[in-house]
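In: missing the sequence, but the structure's below:
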């Protein structure tokens, strides 16, 4: 059995198989619904259920509350139609431009950028090239059907091995492997490109880039894409960490600030120790943006990192800095620990 999904206001339609989520079916059909984590944690895919019935799988309460459901909202990454449905969502242009592919990759290199950050380089099969947009991610296909998502940390035009930034989460199924047993020439399987977090190149608005921790990875790809395109847009990068060593590519950012026109770099540290001798900006990284840009009404913001950082930025930039809701683009990095608190599906 299958159900028909109609998207408003575009009127586009696609088929969703029984037991399949609306988002999975949309990706398969090349329909550009906005999304991030695909697992009920980030709320990027939340939209209105206009007609029909769905059943929600496990998800974070903060992504879709019971009150949200009463108001007619749905989380499309975990919503399975029980009838034909009509949804309301702002489609993202360009999502279906490149096909989502599965392929084997070979580990080309492992380089520690910090005690808990590994730069993992991947070699694609001979004569293969993964087409994607700067900011998108891929998923590793692991044992027992498990998956782990990481953003490409290199712009698509670069003729270099694929690069990912992996933060070690002790006890993590994949990150423990990366930091202990994974070695060069090992074979892994990936699927991509995925995600709707990517540079919108049809605007001339100044850009604020906001990263926390390894959320810097897709931001790095976006900066490289802007440089490659010869963009003249003003760009300000805010990168936050607890300690200075968390800004593991600080030297690269400082080089961009010296060499790229209209580019500004603002590192922010929230918990510097006395021995760090930190003299730069302190506190929450999104608050540093608000101090410098009390009026964001004419800007675009691209934010990536821990869910608390992204959610706080989205809420406060909109409420206090006049940022238009449709000019905030985000990718929230969710871990298994984040997902452990998911709300069970309703019985």
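Out: Received, thanks. The structure presented is a predicted model; accordingly, all values stated were derived computationally and were not measured.

In: can you tell me which strand in the chain is longest?
Out: Secondary structure assigned by DSSP state E gives strand 101-114 as the longest strand of the chain.

In: show me where the chain has helices.
Out: Listed in chain order, the helices found in the chain under DSSP state H are 22-29, 66-70, 175-180, 216-228, 250-259, 285-292, 307-321, 336-339.

In: between these, which gets nearest to residue 116?
Out: helix 175-180 (8.3 Å; C-beta to C-beta). For every residue, glycine as well, the C-beta is placed using N, CA and C.

In: does residue 89 really touch residue 44, like I thought?
Out: No: judged on C-beta atoms under 8 Å, residue 89 makes no contact with residue 44 at a distance of 10.8 Å.

In: show me the contacts for residue 303.
Out: 209-211, 215, 286, 309-310, 313-314, 328-331 (C-beta atoms under 8 Å, 6 or more residues apart in numbering).

In: closest to residue 112 out of these?
Out: Closest to residue 112, out of all of these and judged by C-beta to C-beta, is residue 215, at 18.6 Å.

In: isn't that closest one right next to residue 330, touching?
Out: No: using C-beta under 8 Å, residue 215 is not in contact with residue 330; the gap is 9.6 Å.

In: one step back: can you put the contacts of residue 303 in CSV and add pLDDT and distance to residue 303?
Out: Converted to CSV, these look like this (pLDDT from 0 to 100; distance: C-beta to C-beta, whole Å):
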residue, pLDDT, distance to residue 303
209, 98, 8
210, 98, 4
211, 97, 8
215, 96, 8
286, 98, 8
309, 93, 7
310, 92, 5
313, 96, 5
314, 94, 7
328, 95, 7
329, 93, 7
330, 91, 5
331, 86, 8
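
In: coming back round to it: so what's in contact with residue 89 and residue 44 at the same time?
Out: Jointly contacting residue 89 and residue 44 under the rule C-beta under 8 Å, 6+ apart are residue 34.

In: from residue 142, how far out is residue 128?
Out: With distances taken as C-beta to C-beta, to the nearest Å, residue 128 is found 21 Å from residue 142.

In: most tightly packed of the helices of the chain?
Out: helix 216-228 (a mean of 24; mean count of other C-beta atoms under 10 Å).

In: for the record, mean pLDDT for it?
Out: For helix 216-228, mean pLDDT is 97.

In: which strands or helices does it pack on?
Out: strand 147-151, strand 162-167, strand 207-212, strand 235-241, helix 250-259, strand 300-305 (3 or more C-beta pairs under 8 Å, 6 or more residues apart in numbering; DSSP states H and E).
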